[in-house]
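1. Next one to model:
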Amino acid sequence: MIVLAAALAAAACPAARAEEGPARISLKDKAILTRDVIRLADVAELGEGVPAGAAGLSLGNAPWPGNCREVSRALIKVRLVSAGFDLSRFSFCGSDICVAELDTVRVEPDAIVAAARECLESFFPEGGPDVHIELLREVQPVELPAAGGPPELRAAVSGSGVPLGSSRVDVSVIRDGARLKRVPVGFSVRLSLRVAVAADRIASGQRLGPADFTFATRDVTSLGDGSFSAPEELAGKVASRTIQPGEVITRRMVDDAQSPLVIKANQRVFLLVQTETLRVVTLGRAVAPARKGEMARAKNLTTGRDVVGIAVDDKTIQVPLGGAPHAN
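-> Residues are numbered from 1 along each chain as shown. Next up, the predicted model:
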């Protein structure tokens, strides 16, 4: 009896499968993907009888975040045949094309700009100079696949030195230790300092005194370190060009004041040779003018030879022992 029952059940199975008909594949209008590869089960509702191998069949790569990809019924049939499935085992219904998008998370522009701005501000400590930072261009949001850990933002200034003027900060979007995207963020960075400005017109060659300049807060972005922030920095300076009232005084506008001439050409001078144990003085005649501390050239009136030494005062040139070169 047991053998007979088994035989009857086996004979009934083909008839039951025949009555069920082909397995149904109904293509969706839209699909949200959670992985990098599109599977048949992602874009279609599958009826009973669809083999597991068919449900997991790859239909291609998922689109980039923020984009979509169309999966057609014809593509599904091609992939089924290529995988060795008999199309007569399936029935197809639903949409002709499914629009597939990757499930994403969005990194908002405000978060990206905030990370970039914080990086810039780190170059200018609190309580320091007055700095104005302005965003130059709008930043677009970044969309990432939803799968994975939370994204992290890391910002770094492009280039070296203190960022002034037009500056760029690169913000990297990091997930699980890997950089997924780099977003350039442009800023205008303006620096204002209290610097020396001309109180009145300063003529070229004029020696600067305390009454010639005052201090005011000005935009010095383009000046770098070329301005003056303390009165003592201008001590002993001479204008190398005319400076107009209210103009910021920069290092290019001034020179160090030169010492006055102490030796004149053809002037009679003392030629001094001196060491710890020896002091010799003889007469000479200056060949050219010289300032105090400068190299001075003279003719030794005793020997008739030209010597070179250092102008010490208005009547003395100190000549090194044995080191006085001869003039040709």
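
2. Tell me which residues are up against stretch 270-279.
-> For stretch 270-279, the surrounding residues in contact (Cβ atoms under 8 Å, 6 or more residues apart in numbering) are 280-284, 298, 300, 307, 309, 312, 315-321. No exception for glycine: its C-beta is placed from N, CA and C like everyone else's.

3. distance between it and the chain's centre?
-> Taking Cα atoms, centre = their mean, to the nearest Å, one finds stretch 270-279 lying 61 Å from the centre of the chain it belongs to.

4. start to end distance for that stretch?
-> Using Cα to Cα, to the nearest Å, one end of stretch 270-279 lies 12 Å from the other.

5. Buried residues in the helix or strand containing Val81, which are they?
-> Using DSSP states H and E, Val81 sits in helix 73-82. Going by neighbour count (16 or more other Cβ atoms under 10 Å), the buried part of helix 73-82 is 73, 75-76, 79-80.

6. May I have it exported as PDB, CA atoms only?
-> Once non-C-alpha atoms are left out, helix 73-82 reads as follows in PDB (Å, rounded to 0.1, in the frame of the first residue of the first chain):
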ATOM      1  CA  ARG A  73      12.000  43.600 -19.700                       C
ATOM      2  CA  ALA A  74      14.200  42.700 -22.800                       C
ATOM      3  CA  LEU A  75      17.400  43.000 -20.700                       C
ATOM      4  CA  ILE A  76      16.000  40.600 -18.200                       C
ATOM      5  CA  LYS A  77      15.100  38.000 -20.800                       C
ATOM      6  CA  VAL A  78      18.600  38.300 -22.300                       C
ATOM      7  CA  ARG A  79      20.200  37.800 -18.900                       C
ATOM      8  CA  LEU A  80      18.000  34.800 -18.100                       C
ATOM      9  CA  VAL A  81      18.900  33.100 -21.400                       C
ATOM     10  CA  SER A  82      22.600  33.900 -20.900                       C
END
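
7. If you count contacts, what does it end up packed against?
-> For helix 73-82, the helices and strands in contact under the criterion 3 or more Cβ pairs under 8 Å, 6 or more residues apart in numbering; DSSP states H and E are strand 23-27, helix 40-43, strand 58-61, strand 90-94.

8. quick one: average pLDDT of the third one?
-> Confidence over strand 58-61, taken as the mean pLDDT, stands at 94.

9. Could you spell out the sheet neighbours of that strand, each with its direction?
-> Paired neighbours of strand 58-61 in the sheet (DSSP bridges): strand 37-39 (antiparallel).

10. how many neighbours does the nearest residue to Val162 once chain neighbours are set aside have?
-> Leaving aside its chain neighbours, Val162 sits nearest to Phe123 (5.5 Å; criterion: Cβ to Cβ, 6 or more residues apart in numbering). By other Cβ atoms under 10 Å, the residues close to Phe123 number 15.

11. and what of the one 4 residues further on?
-> Look at Gly127: counted by other Cβ under 10 Å, it has 5 neighbours.

12. ok, now Asp86?
-> 9.

13. thinking again about what came up before, can you list which of the contacts of stretch 270-279 are found in strands?
-> Taking DSSP state E as the definition of strands, the contacts of stretch 270-279 contribute 280-284, 298, 300, 307, 309, 312, 316-318.

14. Rebuild the residues you listed as a markdown table, extending it with pLDDT and distance to Leu27.
-> A markdown table is the format used below for the ones in strands among the contacts of stretch 270-279 (pLDDT from 0 to 100; distance: Cβ to Cβ, whole Å):
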| residue | pLDDT | distance to Leu27 |
| --- | --- | --- |
| Val280 | 92 | 113 |
| Val281 | 93 | 113 |
| Thr282 | 94 | 114 |
| Leu283 | 95 | 115 |
| Gly284 | 95 | 110 |
| Ala298 | 95 | 106 |
| Asn300 | 94 | 111 |
| Val307 | 94 | 105 |
| Gly309 | 94 | 102 |
| Val312 | 91 | 103 |
| Thr316 | 94 | 107 |
| Ile317 | 94 | 104 |
| Gln318 | 94 | 103 |
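
15. Now render those residues as a markdown table, adding neighbour count and distance to Ser222.
-> Listed next are these as a markdown table, based on neighbours: other Cβ atoms under 10 Å; distance: Cβ to Cβ, whole Å:
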| residue | neighbour count | distance to Ser222 |
| --- | --- | --- |
| Val280 | 11 | 57 |
| Val281 | 11 | 56 |
| Thr282 | 14 | 57 |
| Leu283 | 13 | 57 |
| Gly284 | 27 | 52 |
| Ala298 | 27 | 48 |
| Asn300 | 16 | 55 |
| Val307 | 23 | 50 |
| Gly309 | 22 | 46 |
| Val312 | 17 | 45 |
| Thr316 | 18 | 48 |
| Ile317 | 24 | 46 |
| Gln318 | 15 | 47 |
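
16. And the furthest pair within those residues?
-> The widest separation within the ones in strands among the contacts of stretch 270-279, taken as Cβ to Cβ, falls between Asn300 and Val312 and amounts to 16.4 Å.

17. With that, I have no additional questions.
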